[in-house]
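> This is a predicted model, with the sequence first.
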Amino acid sequence: MNLLIVDDESIVIDSLISDINWSKLGITGVYTAFNIRQAKELFEGTAVDIMLCDIEMPQGSGLDLLEWVREHSETTESIIMTCHADFHFAKRAMKLGSLDYILKPLPYEELEIVVAKAADKIIKDKETANLGEKWFRHQSILMERFWIDVLNRSISLQASHIEKIATERGIPFCALDKFVPVLINIQRWHKSINQRDERILEYALKNTAEEIMKGESSVIQVIPFTKGSLLAIISFDEANYKEQELNRLCEQYITACRSYFFCDLTCYIGGQVYVNQLPELVDELIVTQRNNVAHNNKVMRLGSEPLRISSAIQKPDQQMWTVLLREGSQQKIVMEAERYLVNLAHAFELDASALYLFQQFITQTQYYMMRQEGAPFQSLFGDIKLVELSKNATKSIPDFLAWISGFTETISALKKEKDPNHSVIEHIMAFIAQHLDMPLTREEIAQQVHLNPDYLDRLCKREKGMSVRELLVLERLKFAESLLLKTEMPVSRVAVSVGYSNLSHFSRRFKKHTGMNPLEYRLKSLT
């Protein structure tokens, strides 16, 4: 414990330091100051527990210092020393928080008693503060446990019984109160984090929710709920509950979390209900959250907008996807998957089950083709990264696209493992197949196999009977034939899919290749 002596008389300070056994009183550090300025400077760098201060000093009154200490170091216990038994001084010193008032010349025995009293008060205050902190932490745990018990229906949902349980646990609660639940779901983190950092960030999200969502005239309790989610339970005075204001606070919370905690999240707001209606309402919020796979960083009110209004789902085009998966172009597959899912979302046909069905469709189609080709598809099950992506694929469109991208990449790697001795021509054929929709040049293709473009041309003519550029055009047109025959894709989209931005140019090329324009070619296949 540290003690500061403030007196302009050095003889008083010296005698106090030498004549009193401070260590016996629990004082480990004794500091001195001869005026108010020195005392303030010392306070800035040292924690002072007890201050002995003279009232009369040439550079300012000790009472002024006492007032400054009360504002800047409220835990410091002060003892005033003076030569005058002035009631006015004593009254003001006590009003400013002085623990005691001692007359000079200082009676050391009395001073020791007063300092010991100050030290004892400091110890007790610290114990009380620690006890209060422990009680507060314990109370917070009790509150969380109480709400979890209510939501899990671990206690009877009769309002009177819930009120009785709350009273037994020392939790302020009234059965007539109404509550608004807000389910906060963390959809994804913007960067890779470990479990420890995730717990820290979730704690920060909890505190921020309590701070921002509280608003005016409300009481809020935010509890850790399921993995990756929090639940805010807000009690409003019924007359002061404004839906739009809570929406605004939730939007403010989402913006803050995106900026400071590097995550996407959505808030799902329920109606205002009594406590015994809360579990059922929270169950509905959970279902809404699970089926929201299209929206990020949004405030959603229960029942305010349909997530899925049709029981029938537009099925993926089997023939087109067979062609795409066989070709193996990661970019095309991801682009087509996104287009399909966005169309489902616009038609209100997209939810978690729709994502699951689409994932199963892609997986089964790919496995069937791999079995036909004799590729080792069993090793897919041991890919830890792919398993994790697969687990999250039904959470949202971005999660699904991350999975299908990783899935396609892994399939491509497995096919290469099956035949590690790809020839140069096979390598460029695979590269062309994966980039048919891009404006490739002969030089870009040659870079893939680290060969001179002219040499690659000669090699290609020897093995395929045509130049690299001719091979590229042929592969584009062959793929266009497949799309026209096996899908209902518009001709304009077929052209873009095989690298032609100009429809007329594509039609001329196609007619030269097949003797018919694209539309005639498609119609002939139907007759």
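Looks like it came in fine. Numbering: from 1, shown residues only.
> Would you map the strands across this protein?
Across the chain, reading from the start of the chain, the strands by DSSP state E fall at 2-6, 29-33, 50-54, 77-82, 98-103, 178-189, 218-224, 229-236, 263-269, 273-274, 299-301.
> Can I get the fourth one in CSV, CA atoms only?
As requested, the backbone C-alpha atoms of strand 77-82 are provided in CSV (Å, rounded to 0.1, in the frame of the first residue of the first chain):
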residue,chain,number,x,y,z
GLU,A,77,-8.2,7.8,1.5
SER,A,78,-7.2,11.3,2.7
ILE,A,79,-6.2,12.5,6.2
ILE,A,80,-5.9,16.3,6.8
MET,A,81,-3.2,17.9,9.0
THR,A,82,-3.4,21.5,10.3
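> Okay, now the sheet partners of it, with direction.
Here strand 77-82 is paired, per DSSP bridges, with strand 50-54 (parallel), strand 98-103 (parallel).
> can you give me the helices in the stretch 251-400 of the chain?
If you assign secondary structure with DSSP state H, counting those that start in this stretch, the helices in the stretch 251-400 of the chain sit at 278-291, 318-327, 330-346, 352-373, 384-392, 397-418.
> Count the neighbours of A47 for me.
Applying other CB atoms under 10 Å, we find 11 other residues in the vicinity of A47. Every C-beta, even on glycine, is put in place using the N, C-alpha and C of the backbone.
> can you check S23 too?
Other residues close to S23 by other CB under 10 Å number 9.
> any idea how far A119 is from it?
Distance, S23 to A119, using CB to CB, to the nearest Å: 12 Å.
> phi, psi of the residue in the chain sticking out farthest from the centre?
Taking CA atoms, centre = their mean as the measure, the residue most remote from the mean C-alpha position of the chain is P105, 65.2 Å away. As for P105, its main-chain torsions (degrees, to the nearest 10) stand at phi -60, psi 140.
> Point to the residue nearest the middle of this protein.
Against the mean C-alpha coordinate of the chain, by CA atoms, centre = their mean, the closest residue is C263 at 3.3 Å.
> Run through the bridge partners of it.
In this structure, C263 has beta-bridge partners W189, where bridges are defined by DSSP bridges.
> what bits of the stretch 151-300 of the chain have low per-residue confidence?
216-218, 238-239 (pLDDT under 70).
> related to what we said a few turns ago, I'd like the strands of the chain laid out as JSON lines, including distance to A495.
Formatted as JSON lines, the entries for the strands of the chain read as follows, by distance: least, CB to CB, whole Å:
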{"stretch": "strand 2-6", "distance to A495": "83"}
{"stretch": "strand 29-33", "distance to A495": "84"}
{"stretch": "strand 50-54", "distance to A495": "86"}
{"stretch": "strand 77-82", "distance to A495": "86"}
{"stretch": "strand 98-103", "distance to A495": "90"}
{"stretch": "strand 178-189", "distance to A495": "36"}
{"stretch": "strand 218-224", "distance to A495": "53"}
{"stretch": "strand 229-236", "distance to A495": "46"}
{"stretch": "strand 263-269", "distance to A495": "36"}
{"stretch": "strand 273-274", "distance to A495": "56"}
{"stretch": "strand 299-301", "distance to A495": "40"}
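> circling back to that earlier point, same list, the helices of the stretch 251-400 of the chain, but as a markdown table with mean neighbour count and distance to K512 please.
Conversion of these to a markdown table gives the following (neighbours: other CB atoms under 10 Å; distance: least, CB to CB, whole Å):
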| stretch | mean neighbour count | distance to K512 |
| --- | --- | --- |
| helix 278-291 | 17 | 50 |
| helix 318-327 | 17 | 23 |
| helix 330-346 | 17 | 25 |
| helix 352-373 | 16 | 32 |
| helix 384-392 | 13 | 43 |
| helix 397-418 | 18 | 32 |
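> Noted, bye for now.
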